[in-house]
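J.: Give me a 3D structure for the following:
(chains A, B, C and D)
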Protein chains: 4
Amino acid sequence: MNAQAPDIVRAAYAELVVTDLAAARWFYVDVLGLVVTAEEPDALYLRAFEEYLHHSLVLRTGSAPALARLAYRVRSPREVDTAEAYFRALDLPTERVAAGATRGIGEAVRVEDPMGFCVEFFYEATHVERFTQAYHRHGGNAIARIDHFNVMVPDVQAANDHYTGLGFGVSEQIEDAEHLYAAWLYRKSTVHDIALTGGDGPRLHHVAFATNERHQVLHICDVLGSLRAEHHIERGPGRHGVSNAFYLYLRDPDGHRIEIYTSDYYTGDPDNPTIHWDVHDNRRRSYWGHAVVPSWYSEGSTVLGLDGTPQPLTSPTDPGEAAVTIGADGFGERVPDGEGFKLGHQS
Amino acid sequence: MNAQAPDIVRAAYAELVVTDLAAARWFYVDVLGLVVTAEEPDALYLRAFEEYLHHSLVLRTGSAPALARLAYRVRSPREVDTAEAYFRALDLPTERVAAGATRGIGEAVRVEDPMGFCVEFFYEATHVERFTQAYHRHGGNAIARIDHFNVMVPDVQAANDHYTGLGFGVSEQIEDAEHLYAAWLYRKSTVHDIALTGGDGPRLHHVAFATNERHQVLHICDVLGSLRAEHHIERGPGRHGVSNAFYLYLRDPDGHRIEIYTSDYYTGDPDNPTIHWDVHDNRRRSYWGHAVVPSWYSEGSTVLGLDGTPQPLTSPTDPGEAAVTIGADGFGERVPDGEGFKLGHQS
Amino acid sequence: MNAQAPDIVRAAYAELVVTDLAAARWFYVDVLGLVVTAEEPDALYLRAFEEYLHHSLVLRTGSAPALARLAYRVRSPREVDTAEAYFRALDLPTERVAAGATRGIGEAVRVEDPMGFCVEFFYEATHVERFTQAYHRHGGNAIARIDHFNVMVPDVQAANDHYTGLGFGVSEQIEDAEHLYAAWLYRKSTVHDIALTGGDGPRLHHVAFATNERHQVLHICDVLGSLRAEHHIERGPGRHGVSNAFYLYLRDPDGHRIEIYTSDYYTGDPDNPTIHWDVHDNRRRSYWGHAVVPSWYSEGSTVLGLDGTPQPLTSPTDPGEAAVTIGADGFGERVPDGEGFKLGHQS
Amino acid sequence: MNAQAPDIVRAAYAELVVTDLAAARWFYVDVLGLVVTAEEPDALYLRAFEEYLHHSLVLRTGSAPALARLAYRVRSPREVDTAEAYFRALDLPTERVAAGATRGIGEAVRVEDPMGFCVEFFYEATHVERFTQAYHRHGGNAIARIDHFNVMVPDVQAANDHYTGLGFGVSEQIEDAEHLYAAWLYRKSTVHDIALTGGDGPRLHHVAFATNERHQVLHICDVLGSLRAEHHIERGPGRHGVSNAFYLYLRDPDGHRIEIYTSDYYTGDPDNPTIHWDVHDNRRRSYWGHAVVPSWYSEGSTVLGLDGTPQPLTSPTDPGEAAVTIGADGFGERVPDGEGFKLGHQS
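T.: Got it, this is the predicted structure:
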């Protein structure tokens, strides 16, 4: 592949199809405290406190829950053209959309990537007020900004290669001698803009938002308990081995998974070391050795193709991470000190 | 029972039998950061940063792990006599011990309580330096003080009545129409000095220590992960429904369970309302609806009687809390909003 | 004095006269997040999230800002009588008031204490919902409960003796060889229910409320900045030497001083050591050596007597703390390590 | 100026001359907890927990305290050449140094910039272990990484223009209609790699290190109090208006100023808005309206030129920020709500 890759800045927004906009509004606005930039009868445009682009999450009513698309911001209007040329050279479907095709977003190109996701590249976006210091609007759970996407794909190595071709750096990987089970890749100077999780795909695993501190993550759990809505908590809070972030996984009223994430690390130097985790190190997914709830490995959101119809799923040909680690990361399980597993190590 | 109850101040210290003092020292001193007040070839006397009595935990070498005794401080030397008379009137074994029977502790009385625990009452104790403001000694996980004991008993109602007879207030209970499954009772102005958990007993469920803030609890988890000792984490961290505290349960190298605990609430007013939790409210043990790991319900430490020999176990005649809630508090399980369970409520 | 002292539980509520109830509501409800239990055209009854008594703060409209009274809760209705007899034996004015004299408060006795403060003792009070776990109502600055009162008096030693006569323990004192400059006294198991600050008196120095963690204190500052109301911050946030608490002093729209306070220590044991701070140790007021803003030493709220009229002020005959430490606690001042000042020490 | 600017990654390390290496070791290693990568009789090479380059701070013994140089990392070895050419084209002194000229650093170029600072550009550096997840090594005050430099210059506008010429973005500025008083400029995706403070120059104002959360900043203050070394605290902790960061300024044993800094915001998008603060907005330096201690404006470290001799100082011709705001940002001063000052605003 010789076409030049577009200069991608970062993961910028996701559009989710929800079946009940009022329920989604309760979850994202009342519980999580995201700011409503704009509201339409069948759509909500939301952002976090630090963001000055129009939105980082669009919720749109539809008949079945789905990921409509993932959007990356590129460095200039010209890079939208570069992205279009890049995917055309890959012989993949592309579609140019006019400014306003998504409210608040300028002219863009949408593509269907090799894994089957609808991905948008844009530069222009409406600027809105940054509420970083509007602390009187921040609840105990203030969310600062979108952080990353995580997608489920049957062939992690292929998806990893697609993204490195697009110029992403690899921060961390879960692997053994034969397989790559998961990978984290970045454009901005954090651990990731996109993570790849092995499994039936294409599906959306989650969209992640960042807070500044951990107490803000804990407060979301407390609020859900006080509202008797604690079943929206799927996994965590805890500390990831991979990424070092403090995490919490929620499921929205449609079952879309949202991560609340804080305190990963700086990756902006050109020689940032890739960290390789052995799939048998039970600290990779929880640094505290906590079991991963099975739904976290097996469930994900349906993905719409460029034409707006649900993508069929392909299963991996290799055994998945959950299968090879059965028994290795049981909740509270005792494993001998220092035996049996390799540490995650830097390359 | 007409004898006068002794005026108990608070849960003061526990003595644990450990099989490997070096391993125990690693856990309590190196990882948890407790201060060593005194060290003998076969014993360690430990305290937390805010404590000015000689110790709140004694570790003594023995052939098998066990709880040697629980100790409460009483308000004056005379109350030691009152305690002795109280248990004699109950026709229970008592033993007067001289000052120094436990290093740092003055004259005391030891009794075997109706549930079979060896319990000591003392007033006099050696004062040592309070390290509340010796911040250069505090690690990221600074533990402030001992908080409470939790014991497993086959008949929670009987144990509850014994403790209310001793003048303890009841802060919270887990119950249904027929049974009392667990109870929290206090002398000092916090949620508890003693908690009662249903199960084969007498056994020690855990000894709890308090930190000032939650990040100190989280740091202990991070340290255990970094030492590849994450299997010492049994449950949590999380938020209790009962007590409102932020919790973490660890298992020491001998399997003794230690809780790290913070942010419960003030109970010092005479009409402090007792909170009654329905056993089917899956927020009672984790306010976030997290499943309780089975070992937490089923495992506990052997208890030595007044004569120093292990106490035989009696099983409950009633179904236990874990049994009646199987399926009700599954990790991440979805339950319908506001259906099926009553809220914990104030009396 | 041979009359028996009443059994006081704790500092319970203060009634402040404010000149603009709407402005006071903005400060206490909108900014600090106190819960409104009841509202009348000329009064607000407020409580913090953990409190189940009707209120811990009453704001009542008047022509000039003042402290109307301080109220302590006693252990039983009979102790109200004991309090009345105690102050009569001291030949001090007392007044019995019927239930409802203050909304939500039962039958009580009000006295004018030797320093000139109107002090109420009550037991009965209306119970209201405890919002400890109503986390969806907690902002980033959630205040848990009232903690203490601090008053300015010309003769600290005399006021100290009055309060020890009432059965208060002394937790900490600021002193030199000749003088007692300030004292902290407690009934509940914290550092204080009442603090005594030397100066023209009787005046109210501040009423203090407690949060569970420090980030909640910091959030109040951030909110005031975002509202361009940062001038309500008088001093802090910082760490006290005395009490070890993390503190913040605010001035309400009428100039009443409010402290937000967290993380002091347990004082409930009968032999809790009194800590003596040398008046020249510049860590006594700020453990970080920060200068105390002059207004903090010199300004306070007018106090109404039992008859509702402002009390005249008496000046100290001795030099005050600020005078003897001028130059000793300058903001950021360099002092030689370990020279010149004694450490605060335990008795 | 037509030479191409080098592609700078970020502020990478500073070398400070200290007069007493043992005292400096106490401050940076024992108190701040920086990791010693290497130690020589007259030098210490230190890094923070997250850093994998050899050092971010070098301390070297000398006869008088000074800043020896500031070092930026560039994106590749070739960019070292670009930097050299860039400064030669400016007719400024440059010096090529071999790998190892500074232990752990590869081949580099040193220049004397237009303001008189010795600045180094390098790419190659020895990799060392990243202790991000070595939590057992982290104290309560864990410092994650170097964040930025802040320098004092007599002509802020000229220095601002030099840095924008080098490809830096401008995140925030303090100004009025006539003057630019201070500026913050960045290469990495944070608020700054370099800040410019008006005053006699060239001098070093401070070097800043970042923590992940605010409690880690507070712990440093507590430790200094407990060591009776609180006079090392010059200003803060507090919240900056500019940068939004939570800050603390310390002075090391030689008087060098060190900032501990956390929670600024993401600036990595190409259209990141510059925030302009009016010099009269007293929230610009402290969002809580706290006065700035005078030494913070007036004192700074001597700077060595490329030849290793101290640079003479030039005074500004314009009035400085402190002068124009005297009385405007007094500690705890009351200013009318919403009057008199403009808000900091986005461009």
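
J.: mind checking which helix or strand A:Y297 is in?
T.: Using DSSP states H and E, A:Y297 sits in helix A:294-298.

J.: for chain A, what spans make up the helices?
T.: Secondary structure of chain A (DSSP state H): helices at A:21-25, A:77-89, A:156-165, A:214-226, A:294-298, A:321-324.

J.: which one of those helices has the most crowded surroundings?
T.: Each of the helices of chain A was scored by mean neighbour count; the highest is helix A:214-226, a mean of 24, by mean count of other CB atoms under 10 Å in any protein chain shown. Where you see a C-beta, it was placed from the backbone N, CA and C, and this is true even at glycine.

J.: who touches that helix?
T.: With CB atoms under 8 Å, 6 or more residues apart in numbering or on different chains as the test, helix A:214-226 has contacts from A:31-32, A:139-143, A:211, A:230, A:232-233, A:237, A:246-248, A:250, A:260, A:262-263, B:214-215, B:218, B:238-239, B:241, B:246, B:283, B:287-289, C:133-138, C:140, C:213, C:215, D:213.

J.: Cross those against strands and list the overlap.
T.: A:I233, A:P237, A:F246, A:Y247, A:L248, A:L250, A:I260, A:T262, B:G238, B:R239, B:F246 (DSSP state E).

J.: Save those residues as TSV, and put in distance to chain C and neighbour count too.
T.: TSV is the format used below for the ones in strands among the contacts of helix A:214-226 (distance: CB to the nearest CB, whole Å; neighbours: other CB atoms under 10 Å in any protein chain shown):
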residue	distance to chain C	neighbour count
A:I233	13	24
A:P237	14	22
A:F246	14	26
A:Y247	19	23
A:L248	14	25
A:L250	15	22
A:I260	15	27
A:T262	13	23
B:G238	14	26
B:R239	9	25
B:F246	9	26
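
J.: now, which of those residues sits nearest chain D?
T.: Nearest to chain D among the ones in strands among the contacts of helix A:214-226, counting by CB to the nearest CB, is A:T262 at 8.2 Å.

J.: my guess is the closest one meets A:L248, correct?
T.: No: at 9.3 Å, A:T262 does not count as touching A:L248 under the criterion of CB atoms under 8 Å.

J.: quick one on the thing from earlier: so which of the helices of chain A is nearest B:A182?
T.: With distances scored as CB to CB, the stretch of those nearest to B:A182 is helix A:214-226 (18.6 Å).

J.: who in the stretch 101-250 of chain A is up against chain B?
T.: A:214-215, A:218, A:221-222, A:224-226, A:228-231, A:233-235, A:237-239, A:241, A:246 (CB under 8 Å from any CB of the partner chain).

J.: Apply 6 Å and report the result again.
T.: A:C221, A:D222, A:G225, A:R228, A:E230, A:H231, A:I233, A:E234, A:R239 (CB under 6 Å from any CB of the partner chain).

J.: Distance check, the residue nearest to the last one when sequence neighbours are not counted against A:A245.
T.: Meaning A:R239. Of all residues not flanking A:R239 in the chain, A:Y287 sits nearest, at 4.2 Å (CB to CB, 6 or more residues apart in numbering or on different chains). According to CB to CB, to the nearest Å, A:Y287 stands 10 Å off from A:A245.

J.: Same list as before, the ones in strands among the contacts of helix A:214-226 that is, but in a markdown table and with pLDDT included.
T.: Shown next, in a markdown table, are the ones in strands among the contacts of helix A:214-226 (pLDDT from 0 to 100):
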| residue | pLDDT |
| --- | --- |
| A:I233 | 98 |
| A:P237 | 98 |
| A:F246 | 98 |
| A:Y247 | 98 |
| A:L248 | 98 |
| A:L250 | 98 |
| A:I260 | 98 |
| A:T262 | 98 |
| B:G238 | 98 |
| B:R239 | 98 |
| B:F246 | 98 |
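
J.: Sweet, I'm off.
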